[in-house]
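*Asks:* got a predicted structure here, sequence first:
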Amino acid sequence: MAQARAESLAVRVVYDSVMSEIGGSPSSVLRVGVIGMGAVGPILAAAFLQAGHTLVGVSARSETSQERVDAILPGVAVVPPARLVPDCDLVVFTVRDQEIAPLVTELAQAQAFRAGQLVVHVSGAHGLDVLQPAAAVGAIPLALHPAQTFSGTSLDLQRLPGTHWAVNAPRALLAVAQALVIDLGGVPHVLPDSARPLYHAALAHGANHLVILVSQALRALRMAGLDDPAAFVEPLFKAAFDRALQEGEAGLSGPVVRGDSQTVALHLKALQNGPVLDKDDLDPALPFDDLADLPDSYRALARAAAQRLRQRGSLSPTQYDQLCKILG
């Protein structure tokens, strides 16, 4: 706890020093406004509050967004963006990627931004360009992306400390971007705009597709007759994930690694022949007995594994050819 307080104090010193140099507002307590109350916005707003800043208000459009505000930020003012932005030292955009540029442009045309104001977006795919209309009037553009998944519930606040962030800012202001992340308990990494599309693709491919992969496996196990497939595979999946992080592709195991093409063929036959467990299941919201999407996923990932193993010399040419013939 003492170390965290010391780090927070150091952050404020860095921030105040840089802001004084550029003529901004050297205040250790920022007036914060967050625009967008999807899964991310309420969590970051609450995190800034916990870090000791002042939450001026938030902007929310949908009924679901308003419910999140009521649950996570009770009593916080919900204000239209054009009214919220002028009252803030720090404006955080957590809207959808494609909405950032049009909204920033609209607010700039309404003269909502001011010189020295910190304007942040948390998109992983975008860099500083989408904030250019604000920067043109002297606001300070910052791109801060947390490498974390958000559910839009208060549980996310427990995941935020220790999260790694990709940050970018004009070179002279990188210290401000890093200071803000550290203030939220995060770990900043400077990432240039040119690298962000590849960076974000890697995160989305790993995290989002992992959810699909695991859910597919759980559906297949449920169809195989296991009542609680999640409990059954949790030790296995956690061990596999740990090995992937520690060993990379060397952590692979199973029939593809062994070049066992007959077992791979058996897997595909089982997946293709069993799309429905219960023909009386008419609830489309709970398609637990539908395995129609699994064969294509299995083939694609098995092919990728076989290609990497062949490149590493772990599969012989014959083994690789046999697998490719089965996988198509």
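*Replies:* Looks like it arrived, so ask away. Numbers count the residues shown, from 1 in each chain.

*Asks:* and the strands in the stretch 51-200 of the chain?
*Replies:* In the stretch 51-200 of the chain, strands defined by DSSP state E, counting those that start in this stretch lie at 54-59, 90-93, 118-121, 140-146, 164-168, 187-190, listed in chain order.

*Asks:* with distance to residue 99 as extra columns, can I get those strands in JSON lines?
*Replies:* Bear in mind the C-beta positions are built from the backbone N, C-alpha and C, glycine included. Output for these, formatted as JSON lines (distance: least, Cβ to Cβ, whole Å):
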{"stretch": "strand 54-59", "distance to residue 99": "12"}
{"stretch": "strand 90-93", "distance to residue 99": "8"}
{"stretch": "strand 118-121", "distance to residue 99": "10"}
{"stretch": "strand 140-146", "distance to residue 99": "15"}
{"stretch": "strand 164-168", "distance to residue 99": "20"}
{"stretch": "strand 187-190", "distance to residue 99": "25"}
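
*Asks:* need those in JSON lines (columns: distance to residue 42 and mean neighbour count).
*Replies:* Written out in JSON lines, the entries for the strands of the stretch 51-200 of the chain read as follows (distance: least, Cβ to Cβ, whole Å; neighbours: other Cβ atoms under 10 Å):
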{"stretch": "strand 54-59", "distance to residue 42": "7", "mean neighbour count": "22"}
{"stretch": "strand 90-93", "distance to residue 42": "11", "mean neighbour count": "26"}
{"stretch": "strand 118-121", "distance to residue 42": "16", "mean neighbour count": "25"}
{"stretch": "strand 140-146", "distance to residue 42": "14", "mean neighbour count": "24"}
{"stretch": "strand 164-168", "distance to residue 42": "18", "mean neighbour count": "21"}
{"stretch": "strand 187-190", "distance to residue 42": "22", "mean neighbour count": "15"}
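
*Asks:* residue 129 is nearest to which of the ones you listed?
*Replies:* Counting by Cβ to Cβ, residue 129 lies closest to strand 140-146 out of the strands of the stretch 51-200 of the chain; the figure is 8.8 Å.

*Asks:* what's the closest non-adjacent residue to residue 226?
*Replies:* Nearest in space to residue 226, with sequence neighbours left out and distances taken as Cβ to Cβ, 6 or more residues apart in numbering, is residue 232 at 5.4 Å.

*Asks:* mind pulling up the pLDDT for the one you found?
*Replies:* pLDDT recorded at residue 232 is 97.

*Asks:* so what's residue 186 up against?
*Replies:* Applying Cβ atoms under 8 Å, 6 or more residues apart in numbering, one finds that residue 186 lies in contact with 146, 160-165.

*Asks:* again, but for residue 159
*Replies:* Taking Cβ under 8 Å, 6+ apart as the criterion, residue 159 is in contact with 148-149.

*Asks:* again, but for residue 137
*Replies:* The neighbourhood of residue 137, defined by Cβ under 8 Å, 6+ apart, consists of 108, 111, 113-115.

*Asks:* at 6 Å instead, please
*Replies:* By Cβ atoms under 6 Å, 6 or more residues apart in numbering, the residues touching residue 137 are residue 113.

*Asks:* what's the answer for the one 10 residues further on, then?
*Replies:* By Cβ under 6 Å, 6+ apart, the residues touching residue 147 are 164, 203.

*Asks:* distance of it from residue 202?
*Replies:* Counting by Cβ to Cβ, to the nearest Å, the separation of residue 147 from residue 202 is 10 Å.

*Asks:* between the two ends of stretch 40-60, how far is it?
*Replies:* End-to-end span of stretch 40-60 (Cα to Cα, to the nearest Å): 12 Å.

*Asks:* can you name the residues in contact with that stretch?
*Replies:* Contacts of stretch 40-60 from elsewhere in the structure, counted by Cβ under 6 Å, 6+ apart, are 29-35, 37, 66, 68-69, 72-73, 76-79, 81, 84, 87-88, 94, 150, 156-157, 160, 183-184.

*Asks:* show me those residues that map onto helices.
*Replies:* Under the assignment DSSP state H, the contacts of stretch 40-60 contribute 66, 68-69, 72, 81, 84, 156-157, 183 to helices.

*Asks:* any idea which of those residues is the one closest to residue 310?
*Replies:* Once Cβ to Cβ is applied, the member of the ones in helices among the contacts of stretch 40-60 that ends up nearest residue 310 is residue 156, at 40.9 Å.

*Asks:* would you confirm that that closest one contacts residue 148?
*Replies:* No. Using Cβ atoms under 6 Å, residue 156 is not in contact with residue 148; the gap is 7.7 Å.

*Asks:* who has more neighbours, the two?
*Replies:* When residue 156 is set against residue 148 and neighbours are counted by other Cβ atoms under 10 Å, the residue ahead is residue 156, at 22 against 17.

*Asks:* what about the more buried one, distance to residue 71?
*Replies:* Look at residue 156 and residue 71: by Cβ to Cβ, they are 12 Å apart.

*Asks:* where does the chain have its least confident helix or strand?
*Replies:* Within the chain, confidence by mean pLDDT, DSSP states H and E is lowest for helix 2-22 among all helices and strands, at a mean of 50.

*Asks:* I figured residue 161 hits residue 185, correct?
*Replies:* Yes. The criterion here is Cβ under 6 Å, and residue 161 meets it with residue 185 at 3.5 Å.
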